[in-house]
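Asks: Can you look at this prediction? I've put the sequence above it.
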4 protein chains.
Amino acid sequence: MSINNHQPLTKKGIKTRNKLLETAEKIFGEKGYFETSIVDITQMAGVAQGTFYKYFPSKKDIYDELVLQLSRDLRAYIKRRIEEQTTFEGAQRQGFSAFFEWVKEHRNLYSIIQQAVLVDPELYKWYYEKLASGFVTSINAAKEKGECKSFDAETIAFGLMGIGQFLGMRWIIWENSDIPEEVFEDAMEFAFRGLSPGKEE
Amino acid sequence: MSINNHQPLTKKGIKTRNKLLETAEKIFGEKGYFETSIVDITQMAGVAQGTFYKYFPSKKDIYDELVLQLSRDLRAYIKRRIEEQTTFEGAQRQGFSAFFEWVKEHRNLYSIIQQAVLVDPELYKWYYEKLASGFVTSINAAKEKGECKSFDAETIAFGLMGIGQFLGMRWIIWENSDIPEEVFEDAMEFAFRGLSPGKEE
Amino acid sequence: MSINNHQPLTKKGIKTRNKLLETAEKIFGEKGYFETSIVDITQMAGVAQGTFYKYFPSKKDIYDELVLQLSRDLRAYIKRRIEEQTTFEGAQRQGFSAFFEWVKEHRNLYSIIQQAVLVDPELYKWYYEKLASGFVTSINAAKEKGECKSFDAETIAFGLMGIGQFLGMRWIIWENSDIPEEVFEDAMEFAFRGLSPGKEE
Amino acid sequence: MSINNHQPLTKKGIKTRNKLLETAEKIFGEKGYFETSIVDITQMAGVAQGTFYKYFPSKKDIYDELVLQLSRDLRAYIKRRIEEQTTFEGAQRQGFSAFFEWVKEHRNLYSIIQQAVLVDPELYKWYYEKLASGFVTSINAAKEKGECKSFDAETIAFGLMGIGQFLGMRWIIWENSDIPEEVFEDAMEFAFRGLSPGKEE
DNA sequence: AATGAATGAGAGTTCATTCAT
DNA sequence: TATGAATGAACTCTCATTCAT
């Protein structure tokens, strides 16, 4: 009995499947989901067109898998960098820092996520809600420890993600550089102590 | 003298062209640029396929025109609402408020902008840089008046846009509601005085 | 009672019709019949699309009219140049000469004729048969006067037309030059006394 | 490894590609390049539209391939027939004869070449220059052996091609018959000894 | 006489997917 | 497991022609 459940059974099969994933990541990132054809992927991966459908039911499926994978990767990466931090501010600094590094190292993956706005809005939503939930947890913890004002955690989570997203876009993606030291410091100061100058006395 | 420069010369022509623009706005907003076909637009607009090409050289052109139009509209809308404000914080509050209202009233247009990430990244960049320049001006003015710390204006501009973008997305687009009063207030407090509780004494 | 018989009734109408003919000649010559659109013609002629159909029932009709016109023109032009000649060879020399001059002056018209191979093979045939009939008449006359061997006149007519056609193509059209003096003389010698060297004694 | 370079990799593929070429030859010949659609070709070849583009990047490409193929075929065919000839006149007689036979056997291919005037003038030029170069070689050889007057070889080459072309067109294509014996003989006599009667004494 | 908006059939081409081998 | 040929629906875009004004 042979059911094509799209799961590779041999070492060679696993290798082929990974090759396809890597190639898709590269091309989706460069040309965008809609401009990428299956032929593009199979050609660059060095396999026949038919082979693609041995491992993925459709074009959309390989995209979904990439998003899930990178969502997990990014969250794990940030988590690892935050763990050793003891203060809320320290953790956030490390978190932002980790995020910017990750974007820099994975420009393609970053691009792939943004494409979800058009490819699959629900997936886009899922990705950010998932990411937000990590923030919410640490914000609530900080509130209890008196390290953060008693804001609505969801509001702050999305606010912080928005800041990270836009700064990363502005400098890493558009400028193709690191986040300048000064920008990072200003952003942190902004986030923790706001725009208004303190009252002088 | 008749040159097919895609500009209507009669009242009837103007009406048809506008009908096409309105229809495109609606369908792009609902189905997304890539899932929208010219047939979709012309059918819903009630004209023949060929008629589309009398007024727009291509699908991309009508998209561009929509983005330009809405970019101007949004900026004008915000500007009008800010003008009467005398303080930096007041102006920002009004600005955010205006932005959220505008997004609520033009969900389709908001969606169209986000699509530019894939449709035309350069246009996407142009849109946000244009928007940012307004922020930069008012931030710099506020710095001189002592109403804002001496941050890099570009950093703050993108930070604020990110906050607005993500909150609008989270509540107006995903939840299909207004921005809750509490969320708005928390966001303003966050932006102007930061996450950290002031030093108690 | 108003019947649109495509004939202009006023001076203005005649002018418009001629403008269309001239423009069509130019564009057909440059871009070819199939690559030329009615819009191309009306735009360059400076009239509205609808105006075209006031004067010509279809694209094919204006083409036909051009071919008929130029067929008459070319034959009249050659005839005028031949009339004063008294010998067969003299007349043929003048005829070739006139043909080459005409081609040079009317590259577009020459091109238009060649297009008939694809546009309307029957018309193409008609054009050359009409042209051949002039040759036949003068060849038969020459045969009676002992100035030409007793060849089949049709054969010689098409042979001479073939020579003219190919030399004109080779130098005037491809090289965009005059027929070189030497080429012309060689061609005449070839036509009248053949390739073989006479018997030496 | 699979690259879609339009070359078939299996026997089945080769068969399909050839079927398309044969069908295109037939339909181009009958209806003309511009009146032939890809649907015409694929329908008659019994394959899906998409299949066409697996083997030919565009309509123009299959046309080009046909022209190149037939150019080689015709030249090879004539060359084979000429080789055994020892005299210039004998070779030319055989050459003309071969050409007429070939046209008769491949009316469609002949038609396809003529279409190049409109489809691709450069290709048309290439075809005749290539053909002419064979003539030039044998004319120059004949001049050295004293079998041909010292004419400019290019002039004679195009003159001879013109004669062949027009006679073939007149009798084989238009009349759909063979070249009549008498026409052939008159043409040869014309070419080798010219129109003028020798001087009587 | 002239305009220009509108039509709609049909063109060439692409591509996700299926299937025989 | 892998191949690559084959499919056919859908796409964007063109253009000769008609028609209301």
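Replies: Everything's here; your move.

Asks: in chain A, which ranges drop under the pLDDT threshold?
Replies: Counting by pLDDT under 70, chain A has low-confidence residues at A:1-6, A:199-201.

Asks: interface residues of chain A facing DNA strand F?
Replies: Applying CB under 7 Å from any atom of the strand, we find that chain A lies next to DNA strand F at A:8-10, A:12-13, A:16, A:47-51, A:53-54. Backbone N, C-alpha and C define where each C-beta goes, glycine included.

Asks: rerun at 6 Å
Replies: Counting by CB under 6 Å from any atom of the strand, chain A comes close to DNA strand F at A:9-10, A:12-13, A:16, A:47-51, A:54.

Asks: For ChimeraX, write the select line for the buried members of those.
Replies: A single ChimeraX command selects the buried members of these (16 or more other CB atoms under 10 Å in any protein chain shown):
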select /A:16,47,51,54
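
Asks: quick one: stretch A:8-27 near DNA strand E?
Replies: No: figure legend: stretch A:8-27 not in contact with DNA strand E (CB under 6 Å from any atom of the strand); closest approach 10.9 Å.

Asks: could you check whether that stretch is close to chain B?
Replies: No: figure legend: stretch A:8-27 not in contact with chain B (CB under 8 Å from any CB of the partner chain); closest approach 13.7 Å.

Asks: Which parts of that stretch count as buried, going by neighbours?
Replies: Here stretch A:8-27 shows A:16-17, A:19-21, A:23-27 as buried, counting by 16+ other CB under 10 Å.

Asks: One more: stretch A:142-152?
Replies: Using 16+ other CB under 10 Å as the test for burial, stretch A:142-152 gives A:142-143, A:147-149, A:151-152.

Asks: which residues does the residue in chain A that DNA strand F sits nearest to contact?
Replies: Nearest residue of chain A to DNA strand F, counting by CB to the nearest atom of the strand: A:G50, 1.5 Å away. A:G50 makes contact with no residue under the criterion CB atoms under 8 Å, 6 or more residues apart in numbering or on different chains.

Asks: Export only the CA atoms of stretch A:92-101, formatted as PDB.
Replies: Provided in PDB are the C-alpha atoms of stretch A:92-101 (Å, rounded to 0.1, in the frame of the first residue of the first chain):
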ATOM      1  CA  GLN A  92      14.300  44.300  26.100                       C
ATOM      2  CA  ARG A  93      17.700  45.700  25.000                       C
ATOM      3  CA  GLN A  94      18.900  42.200  24.400                       C
ATOM      4  CA  GLY A  95      15.700  41.300  22.700                       C
ATOM      5  CA  PHE A  96      15.800  44.200  20.300                       C
ATOM      6  CA  SER A  97      19.500  43.600  19.700                       C
ATOM      7  CA  ALA A  98      18.800  39.900  18.900                       C
ATOM      8  CA  PHE A  99      16.000  40.800  16.600                       C
ATOM      9  CA  PHE A 100      18.100  43.200  14.600                       C
ATOM     10  CA  GLU A 101      20.900  40.700  14.300                       C
END
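
Asks: Just give me how far it sits from the chain centre.
Replies: When distances are taken as CA atoms, centre = their mean, to the nearest Å, stretch A:92-101 is centred 12 Å away from the chain's centroid.

Asks: hang on, the earlier thing: switch the buried residues of stretch A:142-152 over to JSON lines; also include secondary structure.
Replies: Shown next, in JSON lines, are the buried residues of stretch A:142-152 (DSSP: H, G, I helix; E, B strand; the rest coil):
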{"residue": "A:A142", "secondary structure": "helix"}
{"residue": "A:K143", "secondary structure": "helix"}
{"residue": "A:E147", "secondary structure": "coil"}
{"residue": "A:C148", "secondary structure": "coil"}
{"residue": "A:K149", "secondary structure": "coil"}
{"residue": "A:F151", "secondary structure": "coil"}
{"residue": "A:D152", "secondary structure": "coil"}
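
Asks: which two in those are spaced the farthest apart?
Replies: Spanning the widest gap among the buried residues of stretch A:142-152 are A:E147 and A:D152, at 16.2 Å by CB to CB.

Asks: Would you mind giving the domain segments of chain A?
Replies: Per the record, chain A has its domains at A:7-56, A:60-193, by automatic domain parsing.

Asks: Tell me where chain A has helices.
Replies: With DSSP state H as the criterion, chain A has helices at A:11-31, A:38-45, A:49-55, A:59-83, A:88-105, A:107-119, A:121-144, A:153-167, A:181-193.

Asks: tell me the most buried of those helices?
Replies: Using mean count of other CB atoms under 10 Å in any protein chain shown, the stretch among these with the largest mean neighbour count is helix A:153-167, at a mean of 24.

Asks: Next, the angle helix A:88-105 makes with that one.
Replies: With axes from the mean of the first three to the mean of the last three CA atoms, to 10 degrees as the basis, helix A:153-167 and helix A:88-105 are set at 40 degrees to each other.

Asks: Who are the packing partners of helix A:153-167?
Replies: Contact here means 3 or more CB pairs under 8 Å, 6 or more residues apart in numbering or on different chains; DSSP states H and E; on that basis helix A:153-167 packs against helix A:88-105, helix A:121-144, helix A:181-193, helix B:153-167, helix B:181-193.

Asks: Swap in 7 Å and give it another go.
Replies: With contacts taken as 3 or more CB pairs under 7 Å, 6 or more residues apart in numbering or on different chains; DSSP states H and E, helix A:153-167 sits against helix A:121-144, helix A:181-193, helix B:153-167, helix B:181-193.

Asks: What parts of chain A come near DNA strand E?
Replies: For chain A, the residues in contact with DNA strand E (CB under 6 Å from any atom of the strand) are A:37-39, A:49-50, A:53, A:58-59.

Asks: how about the domains of chain A, which one is nearest D:I82?
Replies: domain A:7-56 (47.4 Å).

Asks: End to end on the closest one, go ahead and measure it.
Replies: Across its full length, domain A:7-56 reaches 9 Å end to end, with CA to CA, to the nearest Å as the criterion.
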